[in-house]
Each structure stands twice: as C-alpha cells, then as structure tokens.
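Engineer: give me a 3D structure for the following:
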Amino acid sequence: MEPSLRFRPLRPAVAIDGATTLELLIGITAPEAAAADQNKPRPPLNLALVIDRSGSMGGNKLSQARKAARFLVGELSSRDRLAIVTFDDEVSVLVPSQPVVNTREFNSAINHIHSGGSTELFDGWLAGGTQVAEHLDPAALNRVLLLSDGQANQGLTNQDAIADKVKGLSRRGISTSAFGLGADFDEDLMGAIASAGDGTLAHIESPDQLADLYASELQGLNSTVGRRLSLVIETCHGAQLLDLLNDLPRNPQGEYQLPNLRQGQELSVGLKLQLPAWLPNQEILRVRLAWEAPGNQQRQSLSSGLSLQVCPAAELAGLANDAAVEEELTMLQANRARRQALEELDRGDFLAAEGTLGAMYTRLSCLASSEDSIEEMSLLKAKMEMLRTNHSRARKALSGESLRSSLNVWLGKGKEK
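Structural biologist: Sure, this is the predicted structure:
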C-alpha cells in the first residue's frame, strides 16, 4: 500500500503581478487496508519491554505496570519475540528475547518485579535495545518500549547524549517508544527519546491507563505501512521557504524526518513560502517522500510538484481561504504556541504563558466551529487552568502536545495524534 501526496493551498492561486505569501499543507496519506489485505498476517514483532522499578514505582504504579505487561504478553503470538528488562540502579534482563510461546514463563517473571533504588534509565534502555538488536529482523517491526516514572539519575544522564544513542539504534531499524508515568518523570528527556527513536510518546497520568496505551501501541505497530519517513522540499523559480510549521527534525542527509505512517492516517506538513510575481504553469515546488515498508529493506520514494493558477493581486486578495486548510494551519501554530508557553513557564513567567495560550484559544474561536477545533480549544483551556494550580502537570501536558506535529503522541484512550 503506497502512500499518496497532495497539496492543499490556503488560496487556490498566486499573483501574476506582485509578490505572494503562499500558505499550504502537504498531505501524506496512507490508504485504508484493502479487503484482500485484511486477512494477510501482520508483520512479526520484535519487542523489548523496559520497566523502571526504582523506589518511586512502588505500590499501585508497579502493580498496574505488571498488569499491563501481562496484557502485552497475552496480545503477542509465537511469531513475535519479547524481552522483559527492568532497571533501578541495576539492570536485570528478566526474560531474554524469545518467541512468545510459553506465556507462563513471561508472566512469572513479571509477577516477581519489585521496586528498588535509583533510576539507571539509559542502561535499562540499552539492555532492551541490545535484546532487540541481537534478533534484528528486517521483516519484523523492531521496537523498545520504555516505561519510567522518574528521571535519569544514575549512569549516562545527559539528554543529548542519550538521544544520540537512541537515534543510532533507530538508524539500524530499531525504534523506541517512551512512556512517562505520573508527575515526576523528565518530559524533555522522554520527548527527546521518542523523537530520536521514531516511536510513540505518552504521558500517563494514571497507571491504570497503561493497558490502553499498550493496546494502542500494538495497534499502531500492526497498522504501520511506512517507517523512517523522510521528506525533501525543493522550491523553484525564486520561491523561498519562509517557514515549516511542524518543526520537524532532520536526518543526517538534511531531509525532514516524519513519524511512522499507519493505515488510513494522514500526516500534514504546513509551509509558508514567499513568491515573486508568478508566471502561468510555472512549478512552485517539488517534494519527495521516502520510506521503508515493513518487511522490505528497499527504500521507496514518491515525488510530486505543485503549480497553481495565477491572477492579479487585487483578485487574489478577494479569494476566500479554504476553511479546512486554515483550521489545520492554525492548529499547527497552536503547537508552537505551546512551545512558547513552555519557554515562558521555564522563565517563571506564568502570566505570560497563560496569555500565550489564551491568545491561541481566541484565534481558534474565530474559526468555523468543528469537532477538531472544539477539542483543541478544550485542550488549551485545560492547560490554562493547570497553569493556575499545578505548574509541573501543566508543563508535562504542554510538552507532549507541542510535539504532535512531528511525533506520534498518545493523548489517552482512543486518542493519538
């Protein structure tokens, strides 16, 4: 199933007699599974579940973590591999990577996980990554699932250094999802790990959400049609790229890195370009999408170009905006507003942070009402209320939501962006 590319300009034309600021979306869409494909077996999974068992994980957190781990085991089959790793100030490989044939062995090991000391997060992740790497299968989906409620305070603790190691493993075809639990985990570190690892980021406020999260993660893995997506954007004939609203990371080749693409999903990339007076039938830009399909090491690519109608600037000014495009561009800008609010929050300027979110709320309220805009306004309103009562909780929520345009972020049961 090959993805498709489409261009969605805010206005359907550019000026022939003057400069144009052109805003548009690049849509990258994966088709729904065809009826003939629905009975095909999914790619096998090669997973390592890495569980923080430091002292702060005691009680209900660890109880629910064990329960969710048993749920994960029950969802896998003999075609899948799983390793169970735990860490506090020491790392234990409770179950080395093996096919999920004897679930009793996995569950017995899980039932004996107890809380301990400090948080050697990097070494725990590394042990999980090593387990997956030892059985790396190009035909499988290879991933580390990292769960922690704290901050790396033993071993390697530098965020950039950890992210660099995670990125190195990702280039070998092993992704990492990072799940932060509770109120004390390091949201910046977990976000950096998920971004570098081409995986999922989740903030779990309550441990009883873990089973739903694991179910969503498995569903996402099973429906993945493209991984290690990259996008090249080339402007033509004097057009200039002013802004890319998603703030996407770049790979070593300078290409924009996109999150994994799943069946029926559309990824939207927002652009702002500056054009001189434009000629009819003149191409504005070309984009090239590259990806790897599960079970296929051969890198695939797709390219497309954009041309638009031209008209006098006075006529262009009278054209209506595409309401759906305007809404999506505004929601991408709402992610940026969250990042600005985070900077203000970190400076201790709580009123400025609330004002930034409030201004974005007002901007969204001026759009035509839709289910998505109403939900986005509700999210912003909730964060403004959190800023008045719990700065730490507000920061974690803002951090996760701000990354939605460049990363798969789990927002709760049935919600992933």
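
Engineer: name the helices or strands packed onto the lengthiest strand in the chain?
Structural biologist: Determined from DSSP state E, the single longest strand within the chain is strand 224-235. For strand 224-235, the elements it packs on are strand 20-29, strand 240-244, strand 256-258, strand 261-262, strand 266-275, strand 285-292, judged by 3 or more C-beta pairs under 8 Å, 6 or more residues apart in numbering; DSSP states H and E. (C-beta placed from N, C-alpha, C; glycine too.)

Engineer: with only the CA atoms kept, save that strand in PDB.
Structural biologist: Written as PDB, here are the backbone C-alpha positions of strand 224-235 (Å, rounded to 0.1, in the frame of the first residue of the first chain):
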ATOM      1  CA  THR A 224       2.300   0.600  10.200                       C
ATOM      2  CA  VAL A 225       2.700   0.900   6.400                       C
ATOM      3  CA  GLY A 226       5.700   3.200   6.300                       C
ATOM      4  CA  ARG A 227       8.600   3.800   8.700                       C
ATOM      5  CA  ARG A 228      11.700   6.000   8.600                       C
ATOM      6  CA  LEU A 229       9.800   8.500   6.500                       C
ATOM      7  CA  SER A 230      11.700  11.500   5.200                       C
ATOM      8  CA  LEU A 231      10.600  14.500   3.100                       C
ATOM      9  CA  VAL A 232      12.700  16.700   0.800                       C
ATOM     10  CA  ILE A 233      11.200  20.100  -0.200                       C
ATOM     11  CA  GLU A 234      12.700  22.000  -3.100                       C
ATOM     12  CA  THR A 235      11.400  25.400  -4.100                       C
END
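
Engineer: report the angle between the axes of it and strand 20-29?
Structural biologist: An angle of 160 degrees separates the directions of strand 224-235 and strand 20-29 when computed by axes from the mean of the first three to the mean of the last three C-alpha atoms, to 10 degrees.

Engineer: strand partners of strand 224-235, parallel vs antiparallel please.
Structural biologist: strand 256-258 (antiparallel), strand 261-262 (antiparallel), strand 285-292 (antiparallel) (DSSP bridges).

Engineer: which one of those strands lies nearest to Leu47?
Structural biologist: Across the strands paired with strand 224-235, Leu47 has its closest neighbour in strand 261-262 (17.2 Å, C-beta to C-beta).

Engineer: picking that back up, same list, the helices and strands packed on strand 224-235, but as JSON lines with mean pLDDT and mean neighbour count please.
Structural biologist: Formatted as JSON lines, the entries for these read as follows, by pLDDT from 0 to 100; neighbours: other C-beta atoms under 10 Å:
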{"stretch": "strand 20-29", "mean pLDDT": "97", "mean neighbour count": "20"}
{"stretch": "strand 240-244", "mean pLDDT": "97", "mean neighbour count": "13"}
{"stretch": "strand 256-258", "mean pLDDT": "94", "mean neighbour count": "21"}
{"stretch": "strand 261-262", "mean pLDDT": "92", "mean neighbour count": "22"}
{"stretch": "strand 266-275", "mean pLDDT": "97", "mean neighbour count": "20"}
{"stretch": "strand 285-292", "mean pLDDT": "95", "mean neighbour count": "20"}
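
Engineer: hmm, back to that, for Leu275, find the nearest of the strands paired with strand 224-235.
Structural biologist: Of all these, it is strand 285-292 that lies closest to Leu275, at 9.8 Å by C-beta to C-beta.

Engineer: does Leu275 touch Val14 like I think?
Structural biologist: Yes: the pair formed by Leu275 and Val14 meets the contact definition of C-beta atoms under 8 Å, at 5.6 Å.

Engineer: hey, what's in contact with both of these two?
Structural biologist: Overlap between the contact sets of Leu275 and Val14, as judged by C-beta atoms under 8 Å, 6 or more residues apart in numbering, is given by 20, 22, 284.

Engineer: and the second one, what does it touch?
Structural biologist: Leu22 makes contact with 9-11, 14, 239, 271-275, 284, 308, according to C-beta under 8 Å, 6+ apart.

Engineer: mind doing that once more with 6 Å?
Structural biologist: If you count contacts by C-beta atoms under 6 Å, 6 or more residues apart in numbering, Leu22 has them with 14, 273, 275.
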